[in-house]
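1. When you get a sec, could you give me coordinates for this:
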Amino acid sequence: MAAPRCPECGSASLVEDAHYAQQQLVCASCGCVLAEGLLTTTYTDEEHLREVAYSQSTGQKEQLSRCLQRGIRRVQDLCKVLQLPAAFEDTAVSYFQRALQLPAFHLCSLEKKEVLGGCCVLVTCREHNWPLSMGTVCSLLYARQELFASVFLSLQKELQLSVPALSLADLVTTHLSSFRLLQPSANIPAAFLEDRERLLGRTLGLVELSRQAWLVTGRHPLPVLTAAAFLAWQSLRPGPRLCCPLRRFCRLAGVELPPPAHLRLRELLEVLLAMASQLSWLRGFKLDKKTVVKHVGDLLQHRVFLLRKAFRELDGDEQDTAPGQGSPGQDPGCPSSLGTQAQGCPPAGKRPGGPLRLLLPPCLLHPRKRLRAPAPSAVALTGDEPISDSEIEQYLRGPEELQAFRKAKGWL
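-> Numbering: from 1, shown residues only. Sure thing, here's the model as predicted:
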């Protein structure tokens, strides 16, 4: 009888090796395990003293449990660093255990498993309306935001979760909580320190104004928050703070300066200047982009009135341009003897909305051109009108059709 050989390499050098007190037949050339002994170490079968293979024993399952335990510890440590409640920690751990059993995450890399734990914590915080941003978790895990976003979307899809989006108010609270200007420090001048509640309230008002002025829609919120926080900080004590630029403000606050923050700051200042030009007690001042910051409190207090006024001026422009409503430059509802714009009558030649056009939605400022409907014919068509012979011949293509038409005409 021929000696057994290794099915992988064909070598006949097979030896018996004791691994965890079980005998295994191993190829000495390539290390392939040809046969293994039996153990009674499974959770369900060891009570009945049944012998099972090592691949089904607790020794194999300990490898998975170690990976799972390491991931659970990472999730728990992240929850402790963020000072989350105990209920949040239990929910995040349960999400991690469920996700690790799925094929999409069971065989992924260690980097993705680390990110998966952070995604479970973020999902838990979003469900409990806890202010936590994706950038905060990425900074704690030293993870790339692109990878974190992809794992976060995969987690929602695999577990079929409906994660609510983080509101702007919660994002402002989270963003301002890390500012160094809220705590006394030797590196920060005393005139630059600010109370947290005052800064938070003024920043929320400016963020709400930015939302109403359509500066947030379709854009990353962080540059808008940075510009709003900078203007709020300057407006609370404008004397010593107007000379501080945005870059120095971010450096003193200990936050990064997003590149589009300068653009959002300029747009927000233009909105404030347009609003200030409509308030009677501010028209006497020569306001610019620096001095208008002093009146941010008044502008925020009357922003609802100015927003309604912008829409009323738009309605007045539409009435002026409508046919049959008087001269193109005068509203029929406004007396011509006054000659002023006190009643909301926009002058001729101005864009819709006047100075407050910045508060209007883009669909009203730049409406799409509508195609004109065809003019109705004098005679209504019903579809039962007779067709002349010349018209029928225009639709006939081949000689066979012409011949068939002549025969049908002769029969008639």
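2. which helices and strands does the strand or helix carrying residue 99 pack with?
-> Residue 99 is located in helix 86-100, with elements delineated by DSSP states H and E. Using 3 or more CB pairs under 8 Å, 6 or more residues apart in numbering; DSSP states H and E, the elements in contact with helix 86-100 are helix 58-81, helix 110-127, helix 145-159. Any C-beta I mention is one placed from the backbone N, CA and C, and that applies to glycine too.
3. in that helix, what's buried?
-> Residues of helix 86-100 classed as buried by neighbour count (16 or more other CB atoms under 10 Å): 88, 89, 91, 92, 93, 95, 96, 99, 100.
4. how close does the third one sit to residue 201?
-> Between residue 91 and residue 201 the computed distance is 32 Å (CB to CB, to the nearest Å).
5. now do the last one
-> With the distance defined as CB to CB, residue 100 ends up 43 Å from residue 201.
6. got the buried residues for stretch 283-292?
-> Residues of stretch 283-292 classed as buried: 287, 292 (neighbour count, 16+ other CB under 10 Å).
7. how about that stretch as CSV, C-alpha atoms only?
-> Below are the C-alpha coordinates for stretch 283-292, written out as CSV (Å, rounded to 0.1, in the frame of the first residue of the first chain):
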residue,chain,number,x,y,z
ARG,A,283,-29.7,105.9,7.7
GLY,A,284,-27.9,109.0,9.1
PHE,A,285,-24.7,107.0,9.8
LYS,A,286,-22.2,106.2,7.0
LEU,A,287,-22.0,102.5,7.7
ASP,A,288,-19.4,100.3,6.1
LYS,A,289,-18.4,96.7,6.6
LYS,A,290,-16.6,97.5,9.9
THR,A,291,-19.0,99.9,11.6
VAL,A,292,-22.1,97.9,10.7
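8. average model confidence for that stretch?
-> Stretch 283-292 shows a mean pLDDT of 86.
9. Next, format the helices and strands packed on helix 86-100 as CSV and append distance to residue 229, mean neighbour count and mean pLDDT.
-> Formatted as CSV, those follow (distance: least, CB to CB, whole Å; neighbours: other CB atoms under 10 Å; pLDDT from 0 to 100):
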stretch, distance to residue 229, mean neighbour count, mean pLDDT
helix 58-81, 25, 14, 75
helix 110-127, 22, 22, 91
helix 145-159, 21, 16, 91
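10. Using TSV, lay out these together with distance to residue 179.
-> Formatted as TSV, the helices and strands packed on helix 86-100 follow (distance: least, CB to CB, whole Å):
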stretch	distance to residue 179
helix 58-81	19
helix 110-127	20
helix 145-159	22
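11. Looking at these, which is nearest to residue 248?
-> Closest to residue 248 of the helices and strands packed on helix 86-100, according to CB to CB: helix 145-159, at 26.4 Å.
12. the inter-axis angle of that closest one versus helix 86-100?
-> 80 degrees (axes from the mean of the first three to the mean of the last three CA atoms, to 10 degrees).
13. which element follows helix 145-159 toward the C-terminus?
-> The first helix or strand that comes after helix 145-159 along the chain, using DSSP H and E, is helix 168-176.
14. what comes up buried for that next one?
-> So helix 168-176, judged by 16+ other CB under 10 Å, has buried residues 168, 170, 171, 172, 174, 175, 176.
15. so that helix versus helix 110-127, what angle?
-> Put simply, helix 168-176 runs at 120 degrees to helix 110-127, going by the same axes, to 10 degrees.
16. just checking, what packs against whichever helix or strand comes after helix 168-176?
-> The C-terminal neighbour of helix 168-176 among helices and strands, as given by DSSP H and E, is helix 196-212. Secondary-structure packing of helix 196-212 (3+ CB pairs under 8 Å, 6+ apart): helix 168-176, helix 221-236, helix 261-276, helix 296-301, helix 303-321.
17. Where does residue 25 fall, secondary structure wise?
-> Here residue 25, judged by DSSP H and E, is contained in strand 22-27.
18. which helices and strands sit right next to whichever helix or strand comes after that strand?
-> Using DSSP H and E, the helix or strand that follows strand 22-27 towards the C-terminus is strand 33-36. Applying 3+ CB pairs under 8 Å, 6+ apart, we find strand 33-36 packed against strand 22-27.
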